[in-house]
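> everything below, folded, please.
(one chain, ligands or ions: 1)
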Amino acid sequence: MTTVTAELRSQLRDLLGQENLVEGGDTLETLSKDFYWYSPVLKRQLDDKRAELIARPADLSALRAVLAACHAAGVPVVPRGAGTGNYGQCVPLYGGVVVDLSRLDRILSLDDGVARVEAGARMGTIEAAARALGWELRCMPSTWVKCTIGGFFCGGSGGIGSITWGGINAPGNVKSVTILTCEAEPRLIRLEEAEALKALHTYGTTGFMVEIEMRLAPKVDYDQLIFSTPDWDRLLDWTDATARRGDWRKRLVTQFEWPTPSFFKPLKKYFRNGEHVSFLLLDRARTDEVVRLAEATGLACVFRQPLSDPPKPPFITDYTWNHTTLWAMNADPAYTYLQSGFGRNFREQFAELRRRFPGEILFHLEWTAGNAKMMRGNAVAQNPDSVVVGGIPLVYFKSEARLNEILRACDELGVFIANPHTFYLEEGGRHPNIADKRTFKSEVDPRGLLNPGKMKTYEHNPFAPAEVKA
Ligand SMILES: Cc1cc2nc3c(=O)[nH]c(=O)nc-3n(C[C@H](O)[C@H](O)[C@H](O)COP(=O)(O)OP(=O)(O)OC[C@H]3O[C@@H](n4cnc5c(N)ncnc54)[C@H](O)[C@@H]3O)c2cc1C
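Numbers count the residues shown, from 1 in each chain. Here you go, the predicted structure:
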């Protein structure tokens, strides 16, 4: 399908200059894609999708002009940050224009524990600037070095730091977001506190996020720690208890089943053949106590290294959250993944999944704070009962039918799945406020041009083929 006319191309060229348009070649291909290929299902569905044109505005007024021109021409418009999403979120389904926001990257202010930034700012840059002033990001994905804050708010959910502060939806984490609408004369709309939730995690379907205010946490000096044992259950008990210790300030609590650690090539020398491992980012003031207790439980501390400040590699976070999947796929492309939330009966759920799918699932667990209400303000008051065991288990892919069997089994067993094998917003996570998101979309995108096809329950999609519309 061709949507971008010669007239629109020439208009955008006049607005941005030829050097800020990409009209073909490898760069067009790269900037049309994200990490959708993690999923064999999305790979089949999205491999042939690409933009017709990439536009790279440098500031708000240029972005406003690009949006007005695209609105007048009636073409699909897809915002893009760093393109590290893994659900095909920024892959355009119907061609059109992808708008690369990476040049809108200014840090506007960092005062009193609040960062005010443009949406294209990299999270790694914000983290470094915040740390220099005694603060740190409350939560960030494992792609934090490269990804943009706008991409995280519109495509991500949580990650490093979520054990203490929850994810982007947790009350208090987001102070405000400012959205640019896709209309004849694009307007700015500022949404504060809980009102901002209707614009979070909407895959670029509810306007262009241009400015963000988010609350920071007081900076902590962390140690990076890895514990190892051949005894999975012993490690699980210890990791779970550690995650629930509200008095130990942590940024990461992760557990991997062997042979997953063997996929982490740069760390291989620290691992023992056949042993499961836990990764911790822990307040340095607690390290001696935690190591002593772990060793008394029979675990070996095989890695202990301060996280440098300003942040410099090595980062153990490079192996956690969805980076684990990447290392596994590098070791064997047959691996894919699930994104799951387990119940209080997580031990039984693991056992049953192992019994039904022997050798097909490798457990990669991530602990997060579940009760967001505990985390208002800058005081951390973690409720041990609210901690949730989730994770991104690896799945040895056999066929789509088998993958669906695993998804059905999870459903039966009460394991929540944010399905990473679909590009539909509604199927990729929990959206209790989807009706608000839909209403907001109709206000900011009356022609249905923003990332069309991704919000499945939004009926107005002018690009859907007739038989799908019916
Ligand atoms: C190795 C790996 C590890 C990951 N780990 C995590 C993790 O720990 N936690 C997590 O939540 N995610 C994770 N992800 C997913 C992804 O990296 C993050 O969500 C990241 O924050 C996305 O940022 P980005 O700038 O790359 O966004 P993009 O991929 O460019 O965009 C994501 C979505 O947001 C939209 N968008 C981007 N910018 C804007 C804007 N300004 N306004 C409106 N819409 C916009 C896009 O259209 C798209 O739908 C991981 C992915 C990979 C590949």
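> list the contacts of I406.
338, 353, 357, 360-361, 395 (CB atoms under 8 Å, 6 or more residues apart in numbering). C-beta: built from backbone N, CA, C; applies to glycine.
> which members of those are positioned in strands?
361, 395 (DSSP state E).
> can I get the contacts of I406 in a markdown table including distance to I212 and neighbour count?
Output for these, formatted as a markdown table (distance: CB to CB, whole Å; neighbours: other CB atoms under 10 Å):
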| residue | distance to I212 | neighbour count |
| --- | --- | --- |
| L338 | 30 | 23 |
| L353 | 38 | 22 |
| F357 | 40 | 16 |
| E360 | 40 | 18 |
| I361 | 36 | 22 |
| V395 | 34 | 22 |
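> would you list the contacts of I406 in CSV and tack on pLDDT and distance to D47?
Shown next, in CSV, are the contacts of I406 (pLDDT from 0 to 100; distance: CB to CB, whole Å):
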residue, pLDDT, distance to D47
L338, 97, 22
L353, 98, 30
F357, 98, 27
E360, 98, 25
I361, 98, 26
V395, 98, 20
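> adding distance to the ligand, write the contacts of I406 out as TSV.
TSV is the format used below for the contacts of I406 (distance: CB to the nearest ligand atom, whole Å):
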residue	distance to the ligand
L338	14
L353	22
F357	24
E360	22
I361	19
V395	16
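> nearest to S162 among the contacts of I406?
L338 (17.8 Å; CB to CB).
> I'd say that closest one and D411 touch.
No - counting by CB atoms under 8 Å, L338 does not reach D411; the two are 11.6 Å apart.
> identify the contacts common to the two.
Common neighbours of L338 and D411 (CB under 8 Å, 6+ apart) are I417.
> excluding its backbone neighbours, what's nearest F397?
Nearest residue to F397, sequence neighbours excluded (CB to CB, 6 or more residues apart in numbering): T336, at 4.6 Å.
> other SSEs contacting the helix or strand hosting that neighbour?
Here T336 sits within strand 335-337, counting by DSSP states H and E. Counting contacts by 3 or more CB pairs under 8 Å, 6 or more residues apart in numbering; DSSP states H and E, strand 335-337 is packed against helix 323-331, strand 394-396.
> go ahead and confirm R430 touches A418.
Yes - with contact defined as CB under 8 Å, R430 counts as touching A418 (7.1 Å).
> comparing those two, which shows the higher neighbour count?
A418 (17 against 13; other CB atoms under 10 Å).
> from I392, how far off is the more buried one?
Per CB to CB, to the nearest Å, A418 is found 10 Å from I392.
> now the common contact residues for these two.
339-340.
> let me know whether L407 touches I417 as I believe.
Yes - look at L407 against I417 with CB under 8 Å: they come within range, at 5.9 Å.
> list the buried ones in stretch 325-341?
Buried residues in stretch 325-341, counted by 16 or more other CB atoms under 10 Å: 325-329, 335-341.
> return the member of the residues you listed nearest to Y222.
Nearest member of these to Y222, counting by CB to CB, is W327, at 21.6 Å.
> so what's that closest one closest to, chain neighbours aside?
F263 (4.3 Å).
> ok, A409 next?
Residue nearest to A409 in three dimensions, not counting chain neighbours: R356, with 5.6 Å by CB to CB, 6+ apart.
> and the one you found, what's its pLDDT?
Note on R356: pLDDT of 98.
> what do you get for F279?
So F279 comes in at 98 (pLDDT).
> one more: M1?
71.
> in contact with it, which residues?
Contact partners of M1, counting by CB under 8 Å, 6+ apart, are 94-95, 463.
> among those, name the ones in helices.
Per DSSP state H, helices hold no members of the contacts of M1.
> so which of those residues belong to strands?
Among these, no member falls in strands (DSSP E).
> so among those, where is pLDDT lowest?
F463 (94).
> ok, that one to Q45 distance?
From F463 across to Q45, the span is 16 Å (CB to CB).
> more neighbours: which of the two?
Using other CB under 10 Å as the criterion, F463 and Q45 rank with F463 on top: 20 against 17.
> in CSV: the contacts of M1, plus distance to G172.
Shown next, in CSV, are the contacts of M1 (distance: CB to CB, whole Å):
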residue, distance to G172
Y94, 38
G95, 40
F463, 38
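> isn't R190 up against T181?
No - R190 sits out of contact with T181 when judged by CB under 8 Å, with a separation of 12.0 Å.
> more neighbours, those two?
Using other CB under 10 Å, the more surrounded residue of R190 and T181 is T181, with 21 against 12.
> what residues are up against the closest residue to that one other than its chain neighbours?
Closest residue in space to T181, ignoring its immediate chain neighbours: V444 at 4.1 Å, by CB to CB, 6+ apart. Counting by CB under 8 Å, 6+ apart, V444 touches 179, 181-183, 189, 206-207, 450.
> so what's Y337 bridging to?
L394 (DSSP bridges).
> how close does L60 sit to L108?
12 Å.
> same question for F263.
40 Å.
> between these two, which is the more surrounded one?
Set F263 next to L108 and count neighbours by other CB under 10 Å: F263 wins out with 22 against 13.
> so what's the backbone phi/psi at the more buried one?
phi -80, psi -20 (degrees, to the nearest 10).
> same question for S340.
phi -130, psi 160.
> returning to what we had before: more crowded one of L407 and I417?
I417 (19 against 16).
> in space, what's closest to the more buried one - neighbours in sequence excluded?
C410 (5.1 Å).
> check which helix or strand covers the one you found.
Element membership for C410 (DSSP H and E) is helix 400-413.
> before we move on, what about G158?
Taking DSSP H and E as the definition, one finds G158 inside no helix or strand.
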